[in-house]
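Undergrad: attaching a predicted model along with its sequence, questions to come.
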Amino acid sequence: MSSERQPSSLCSICNVDDAIIDCTPGGDGHGFCQECLQGYAKANFELNGEYDRDRDRGGLRSAPGELPCPHFIQGACGCTAIAPSILRRVVDDATFDMWRKADVRLGMAALERDQQEAEAQLDDAEEARAPLDNLRDAVQEALTS
């Protein structure tokens, strides 16, 4: 007997028996119809959707830039994210464009955070250097007097 879970023949969102798409390439035992997966993706690529959030649940992590499985959000599975290869096959062009824009938005936010952190480190370095500059100036003044 195989320990690999077989996907249900029902969509995990609408419970309709349809062409089922698994979240992960290996299959995780639950799936979604194309219409529901498309709608879920579209709703979550919006600003501040699940795509933008960092989720950590018992050592499993769905990071910003990953579309978490709806069951992962509910705490019901360990498939942290819907595989991009599967998502690309399922979503229409408009949703794919939303996905690309969400990636750009996340990339810009990461760059902004990195820039703010670098500026804070530079400020800290300048503050740490000030006493040394004062000491150097005092020594130079003492030597020239």
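TA: Sure thing, it's come through.

Undergrad: and residue 120, what pLDDT?
TA: Note for residue 120: predicted pLDDT of 91.

Undergrad: let me see the ranges of the strands in the protein.
TA: Using DSSP state E, the strands of the chain run over residues 20-22, 31-33, 55-57, 60-62.

Undergrad: the closest residue to residue 16 other than its chain neighbours: how many residues sit nearby?
TA: In space, and not counting its chain neighbours, residue 16 is closest to residue 33: 6.0 Å by Cβ to Cβ, 6 or more residues apart in numbering. Where C-beta positions appear, they are placed from N, C-alpha and C, glycine not excepted. Residues lying near residue 33 (other Cβ atoms under 10 Å) number 21.

Undergrad: and for the one 10 residues further on?
TA: Applying other Cβ under 10 Å, we find 13 other residues in the vicinity of residue 43.

Undergrad: measure it to residue 127 for me?
TA: 46 Å (Cβ to Cβ, to the nearest Å).

Undergrad: contacts only, for residue 11.
TA: The neighbours of residue 11, taking Cβ atoms under 8 Å, 6 or more residues apart in numbering as the test, are 17, 18, 20, 31, 32, 33, 36.

Undergrad: which ones are touching residue 69?
TA: Residue 69 makes contact with 23, 28, 77, 79, 80, 81, 82 under the criterion Cβ under 8 Å, 6+ apart.

Undergrad: who wins for most neighbours among the residues you listed?
TA: If you count neighbours using other Cβ under 10 Å, the busiest of the contacts of residue 69 is residue 23, which has 28 neighbours.

Undergrad: show me which helix runs longest in the protein.
TA: If you go by DSSP state H, the chain has its longest helix at helix 93-144.

Undergrad: ok so, going back, buried ones only from the contacts of residue 11, please, as a ChimeraX command.
TA: Typed into ChimeraX, the line below selects the buried ones among the contacts of residue 11, using 16 or more other Cβ atoms under 10 Å:
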select :18,20,31,32,33,36
